[in-house]
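Q: Next one to model:
(chains A and B)
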2 protein chains.
Amino acid sequence: MSNNGYKTEVDIIRLREGERGREKDEVVTESPLTVFLNEKEFVTLLCSPQKMDYLAVGFLRSEGLISKASEIEELRVDEDEGMVFVNTSGEVDLAEKLYGKRTITSGCGKGTVFFSVLDSLQSEPVTSDLKIEAQTLLAQINDLQQKSQLFKATGGVHSAALADSEQIIVHSEDIGRHNAIDKIIGETVLKEMFLEDKILLSSGRLSSEIVIKGAKLRVPFVVSRAAPTSLSIELAEKMGITLVGFARGKRLNIYAHDHRII
Amino acid sequence: MSNNGYKTEVDIIRLREGERGREKDEVVTESPLTVFLNEKEFVTLLCSPQKMDYLAVGFLRSEGLISKASEIEELRVDEDEGMVFVNTSGEVDLAEKLYGKRTITSGCGKGTVFFSVLDSLQSEPVTSDLKIEAQTLLAQINDLQQKSQLFKATGGVHSAALADSEQIIVHSEDIGRHNAIDKIIGETVLKEMFLEDKILLSSGRLSSEIVIKGAKLRVPFVVSRAAPTSLSIELAEKMGITLVGFARGKRLNIYAHDHRII
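A: As a prediction, this is how the structure comes out:
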């Protein structure tokens, strides 16, 4: 096994039409990344070992542990060991946060869970009056696919991107659908980007967690080539997010807030 | 939005070749499932709302909180509210387990993380001398795809199955790759099935977590139509698991322990 970053070369046995042969092949690299928050070990993520600083910051932002770059006093990456150290200015009550993470409901069933997720966003619906042509979204999704070199080589990763009304401005790839988006989120936090006029693009399925990430960023658009779920549609409706799925070739489906697409 | 279980009917706007039309469409249902362990709220999973009892038990088994059916004194499902109550005979130290969950490394970097994952399996490599014809695996993967009715209708789910040397014996579908396998695990726990001569099939990518689930079950085969990662191959090698990816049509790739495939 030899590892050159994104990809790892491996020896495999390939069976094809009854023929058995030993070959070299490339698979996507998966590595553990351990995030330390204020000198305490916080979590180990399994990820593609690139943009580790963005992933760590994006993960902490998604978990609600940090909200902006100015809260970060120190950010140190040990690429070889797969460790990122984040030190923040304020105290973070880990016990409370971790408890919150595991139990997002107060125990009264679906309705409560659902609203507790919404509550946790602590935000009004996204009200951006940005409008985009369907043609532009299709071109961006096509562009996202073109950029995904790693997928072409290994068949094993997801990609995510942030676009403005013209083109993709931030792009990432990871073995995890959530990690790919968290890398985008981390980059936007560190670069202090304004997101309320941006489009979040994903190669993966649009589950509720993806829409929640979009809502936390306050982006008005979440777009994918893949399918949405019932809960992601429900959340997008409530959070004022334009949700687009199955964006492929010359067609797309709009599941919520279609008024932003012209 | 009207929900008939697996699928939810929604109103969408479909854009096709510049034409804009309002249509009915079906998307996969995503619901929160809250698991209570010994009367304490433990976790909320986002899932396809079927086989909730299997999912809850499989999740607890995967997390190492229960290991066999005899430990479960009571299992109660409230389907309407999306809640499963599991009461066990022994005391479970939640705080310790949760802490363990978030921090799988002792902080010395990759090597340690990796071996700590292996340690947590607390098991010798799988030594089953089961041998299977490649043709049989391909037929089973094909069968798994045939069974995945929900995917065909919605494009939004993963499926998993357990097979013996002849055919699929347990099958499940879920919006989550991990949930689909945990449903299988829960069913095998409750039915007290012997797994050391079984094959775990997944429609999804073979990341390390999937191989770890297989290793915990002690199945000798983990097979998918999709791609593996470097870490899943490394784990499969160490754990004695035959790892097969890209099993499609008349071909497949063997990434570890090919001696079991004839």
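Q: residues touching the residue most central in space within chain A, list them.
A: Nearest residue to the geometric centre of chain A (Cα atoms, centre = their mean): A:Ile181, 1.4 Å. By Cβ atoms under 8 Å, 6 or more residues apart in numbering or on different chains, the contact list for A:Ile181 reads A:58, A:160, A:172, A:200, A:202, A:210, A:213. Every residue, glycine included, has its C-beta placed from N, CA and C.
Q: and the third one, what element?
A: What it means is A:Ser172. strand A:168-174 (DSSP states H and E).
Q: Mind checking the pLDDT average for the host helix or strand of A:Leu75?
A: Using DSSP H and E, A:Leu75 sits in strand A:72-78. Across strand A:72-78, pLDDT averages out at 96.
Q: quick check, distance from it to the centre of its chain.
A: On the basis of Cα atoms, centre = their mean, to the nearest Å, strand A:72-78 sits 21 Å off its chain's mean C-alpha point.
Q: helices and strands around the helix or strand just after it, which ones?
A: Sequence order places strand A:83-88 as the next helix or strand after strand A:72-78, per DSSP H and E. Here strand A:83-88 touches strand A:31-37, helix A:52-62, strand A:72-78, going by 3 or more Cβ pairs under 8 Å, 6 or more residues apart in numbering or on different chains; DSSP states H and E.
Q: Nearest to B:Met193 among the contacts of A:Ile181?
A: The closest of those to B:Met193 turns out to be A:Ile210 (Cβ to Cβ; 34.6 Å).
Q: re the thing from before, strands paired with the strand holding A:Ser172, and their directions?
A: Sheet pairing here is set by DSSP bridges, and for strand A:168-174 it gives strand A:158-163 (antiparallel).
Q: any residues touching the strand it pairs with, and which ones?
A: Strand A:158-163 is touched from outside by A:140, A:143-145, A:147-148, A:150-151, A:168-177, A:179-181, A:183-184, A:188, A:193, A:195, A:198-204, A:219, with contacts defined as Cβ under 8 Å, 6+ apart.
Q: Return the subset of those residues lying in strands.
A: Within the contacts of strand A:158-163, residues falling in strands by DSSP state E are A:168-174, A:199-202.
Q: So which residues make contact with the strand holding A:Ser172?
A: Contacts for strand A:168-174 (Cβ under 8 Å, 6+ apart): A:6, A:47-48, A:50-51, A:54-55, A:140, A:143-144, A:147-148, A:150-151, A:157-163, A:180-181, A:183-184, A:187-188, A:193, A:198, A:201.
Q: That one vs helix A:52-62, what angle?
A: With axes from the mean of the first three to the mean of the last three Cα atoms, to 10 degrees as the basis, strand A:168-174 and helix A:52-62 are set at 100 degrees to each other.
Q: returning to what we had before: quick one: which of the helices and strands packed on strand A:83-88 is nearest chain B?
A: Chain B lies closest to strand A:31-37 among the helices and strands packed on strand A:83-88, at 4.1 Å (Cβ to the nearest Cβ).
Q: Output the closest one in PDB with nothing but the alpha carbons.
A: Taking C-alpha atoms only, strand A:31-37 is exported to PDB below (Å, rounded to 0.1, in the frame of the first residue of the first chain):
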ATOM      1  CA  SER A  31      -7.400   8.700   7.500                       C
ATOM      2  CA  PRO A  32      -8.300   9.500  11.000                       C
ATOM      3  CA  LEU A  33      -8.100  13.200  11.900                       C
ATOM      4  CA  THR A  34      -8.100  14.000  15.700                       C
ATOM      5  CA  VAL A  35      -9.400  17.500  16.600                       C
ATOM      6  CA  PHE A  36      -8.100  19.000  19.900                       C
ATOM      7  CA  LEU A  37     -10.200  21.900  21.300                       C
END
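Q: Looking at the helices and strands packed on strand A:83-88, which one is packed in the most?
A: Per-stretch averages of neighbours, counted by mean count of other Cβ atoms under 10 Å in any protein chain shown, single out helix A:52-62 among the helices and strands packed on strand A:83-88, with a mean of 25.
Q: Tell me which other helices or strands that one touches.
A: So helix A:52-62, by 3+ Cβ pairs under 8 Å, 6+ apart, packs with strand A:31-37, strand A:40-47, strand A:72-78, strand A:83-88, helix A:177-190, helix A:208-217.
Q: Would you single out the least confident of the ones you listed?
A: Ranked by mean pLDDT, the helices and strands packed on helix A:52-62 end with strand A:40-47 at the bottom, a mean of 87.
Q: one step back: turn the helices and strands packed on strand A:83-88 into a markdown table, including distance to A:Thr136.
A: Shown next, in a markdown table, are the helices and strands packed on strand A:83-88 (distance: least, Cβ to Cβ, whole Å):
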| stretch | distance to A:Thr136 |
| --- | --- |
| strand A:31-37 | 34 |
| helix A:52-62 | 25 |
| strand A:72-78 | 34 |
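Q: Nearest to B:Met239, out of the ones you listed?
A: Checking those against B:Met239 by Cβ to Cβ gives strand A:31-37 as the closest, at 16.6 Å.
Q: for that closest one, packing partners?
A: Strand A:31-37 sits against strand A:40-47, helix A:52-62, strand A:83-88, helix B:110-121, helix B:230-239, with contacts defined as 3+ Cβ pairs under 8 Å, 6+ apart.
Q: what do you get if the cut-off is 10 Å, keeping everything else the same?
A: Helices and strands touching strand A:31-37, by 3 or more Cβ pairs under 10 Å, 6 or more residues apart in numbering or on different chains; DSSP states H and E, are strand A:40-47, helix A:52-62, strand A:72-78, strand A:83-88, helix B:110-121, helix B:230-239.
Q: can you pull the pLDDT of the nearest residue to A:Val170 once chain neighbours are set aside?
A: Of all residues not flanking A:Val170 in the chain, A:Leu162 sits nearest, at 4.3 Å (Cβ to Cβ, 6 or more residues apart in numbering or on different chains). At A:Leu162, the model reports a pLDDT of 97.
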